[in-house]
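sequence and predicted model, in that order:
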Amino acid sequence: MIDARTSASFPINAGRTQRHHDLAKVETLGENAHTLINIFVSQPITLPLELTFLERHPQGSQAFMPLHQERFIVVVAPPGEHINPSDVRAFVTDGRQG
């Protein structure tokens, strides 16, 4: 979990910015692997949430961090080709966690 409230931090840019240092390790696997960081803009959902699919990224890691301190739902499942619905877990962030 990435959480700026519990990280080592220090001021930079003449004190105008607080740097939260070394929050995540970015891993790449395979000969053609590379690090890729994106920003995604999502649309709000209504609850209850019905999942119709889950994505799988076996050759890399992902981290999601809200840019506007909005809470969001994180849904995870163990690796594998077939997912048992009882093994799926969901968490709600507090809007300042990734």
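Sure, I can see it. Here the structure is a predicted model, which is why all the values come from computation and not from measurement.

tell me the SS of residue 5?
On the three-state scheme (DSSP: H, G, I helix; E, B strand; the rest coil), residue 5 is labelled helix.

hang on, it packs against residue 94?
No. Using C-beta atoms under 8 Å, residue 5 is not in contact with residue 94; the gap is 9.6 Å. The C-beta positions use only the backbone N, C-alpha and C, and glycine is treated the same way.

tell me which of these two has more neighbours.
More crowded of residue 5 and residue 94, by other C-beta atoms under 10 Å: residue 94, with 12 against 9.

check contacts around the more buried one.
residue 71 (C-beta atoms under 8 Å, 6 or more residues apart in numbering).

swap in the one 4 residues further on?
Residue 98 makes contact with 1, 2, 3, 63, 64, 65, 66, according to C-beta under 8 Å, 6+ apart.

format those residues as a markdown table; extra columns: pLDDT, distance to residue 53 and neighbour count.
Converted to a markdown table, those look like this (pLDDT from 0 to 100; distance: C-beta to C-beta, whole Å; neighbours: other C-beta atoms under 10 Å):
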| residue | pLDDT | distance to residue 53 | neighbour count |
| --- | --- | --- | --- |
| 1 | 71 | 24 | 11 |
| 2 | 73 | 25 | 15 |
| 3 | 76 | 28 | 14 |
| 63 | 78 | 21 | 12 |
| 64 | 79 | 17 | 14 |
| 65 | 80 | 23 | 15 |
| 66 | 83 | 22 | 15 |
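
residues near residue 18, how many?
Quick note: residue 18 (other C-beta under 10 Å) scores 13 neighbours.

check for me that it belongs to a strand.
Yes. Counting by three-state DSSP, residue 18 is located in a strand.

and the pLDDT for it?
We have a pLDDT of 83 for residue 18.

quick one, phi/psi of the residue lying closest to it once chain neighbours are set aside?
Among residues not flanking residue 18 along the chain, residue 9 sits closest, at 5.3 Å (C-beta to C-beta, 6 or more residues apart in numbering). Per-residue torsions, residue 9: phi -140, psi 160 (degrees, to the nearest 10).
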